[in-house]
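Enquirer: quick one: sequence plus predicted model below, questions after.
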Amino acid sequence: MTRQTSKGRCTFCHRELSKSSMARHLQSCEQRVALQSEAGSHQKAQKTRVFHLVVEGYRLPMYWMHLEVAAGTTLATLDRFLRDTWLECCGHLSAFEIGGVRYSVDAGLYEWDTGGKNMQVHLDKVLKPGQTCSYEYDFGSTTELLVKVIAEHEVDMKGRTIQILARNSLPLIPCDGCGEPATSLCTQCIYEDKGCLCDECAKIHVCSKEMLSPLVNSPRAGVCGYTGQDPAYIW
């Protein structure tokens, strides 16, 4: 898939900024600062220790999210969030690798996973600011992600465990046939680094229609049976 200059939108002020500018913007976003100040002024506000994470596609870094995640959240909860937002298609296995240790949902059930641990561990037991770890979903047609810990601080999460601070906008990928914006992918041709198609070119594409998959805002676009995220996470 052709890589594009990546932009994304801030959850708080809805400004669209480049990927490289978003981390700096989130530190000073007036709407975000105002919300935090308002929450801090309430006597019943309870501050939660959180990690600021950036998650991005390993081979497709134009797909990314800035997340605020409660430090007491388990890897299993983060795994479920990533599945629902970006990945879930057929209930595949997944795993984090942190500091040389592999954490998976079903650790210990497979002979090849003798040194693995399960995901029922809190983030603050395995992560710290400045750290980078990896994540895999589906050990066949694998989607790989990088998880970077940008900072640690305290905020009022209002009962949430994970909040999206910013997320990439759907990349404008040109059609391989005519150069117009692509709307679908050929799940056979993408393994030859082609197969991005607009509506018109999709009608005359040589592969069967069963091979076409919608171009969605996810690093798993066009892979396996993935057709888009859980509607509960669309914003």
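Expert: That came through fine. Being a predicted model, the structure only gives us computed values, none of them experimental.
Enquirer: all contacts plus neighbour counts: C-alpha atoms, from now on.
Expert: OK.
Enquirer: helices of this protein, start to end?
Expert: Under the criterion DSSP state H, the chain contains helices at 19-28, 30-41, 75-82, 123-126, 199-203.
Enquirer: any idea of the mean pLDDT for the third one?
Expert: In other words, helix 75-82. Per-residue pLDDT over helix 75-82 has a mean of 97.
Enquirer: just name the shakiest helix or strand of the protein by mean pLDDT.
Expert: Every helix and strand in the chain was compared by mean pLDDT, DSSP states H and E; the lowest is helix 30-41, with a mean of 83.
Enquirer: that one vs helix 19-28, what angle?
Expert: Relative orientation of helix 30-41 versus helix 19-28 (axes from the mean of the first three to the mean of the last three CA atoms, to 10 degrees): 30 degrees.
Enquirer: right, and the helices of the chain - which one's nearest V101?
Expert: When these are compared by CA to CA, helix 123-126 sits nearest V101, at 9.7 Å.
Enquirer: can I get the closest one in PDB? Just the C-alpha atoms.
Expert: This file holds the C-alpha atoms of helix 123-126, laid out as PDB (Å, rounded to 0.1, in the frame of the first residue of the first chain):
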ATOM      1  CA  LEU A 123       0.300  -1.600  32.600                       C
ATOM      2  CA  ASP A 124       2.200   0.100  35.500                       C
ATOM      3  CA  LYS A 125       3.800  -3.300  36.300                       C
ATOM      4  CA  VAL A 126       5.400  -3.600  32.800                       C
END
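Enquirer: list the buried residues of that helix.
Expert: Of the residues in helix 123-126, 123-124 count as buried by neighbour count, 16 or more other CA atoms under 10 Å.
Enquirer: and M119, how far from L82?
Expert: Distance from M119 to L82, counting by CA to CA, to the nearest Å: 14 Å.
Enquirer: between the two, which is the more surrounded one?
Expert: More crowded of M119 and L82, by other CA atoms under 10 Å: M119, with 22 against 17.
Enquirer: quick check: can you list the domain ranges of the chain?
Expert: What automatic domain parsing lists as the domains of the chain is 7-168, 172-221.
Enquirer: end-to-end on the shortest one?
Expert: Using CA to CA, the gap from the first to the last residue of domain 172-221 comes to 13 Å.
Enquirer: and it, how far out from the chain middle?
Expert: Remark: domain 172-221 is offset 21 Å from the chain centroid, using CA atoms, centre = their mean, to the nearest Å.
Enquirer: understood, closing this out.
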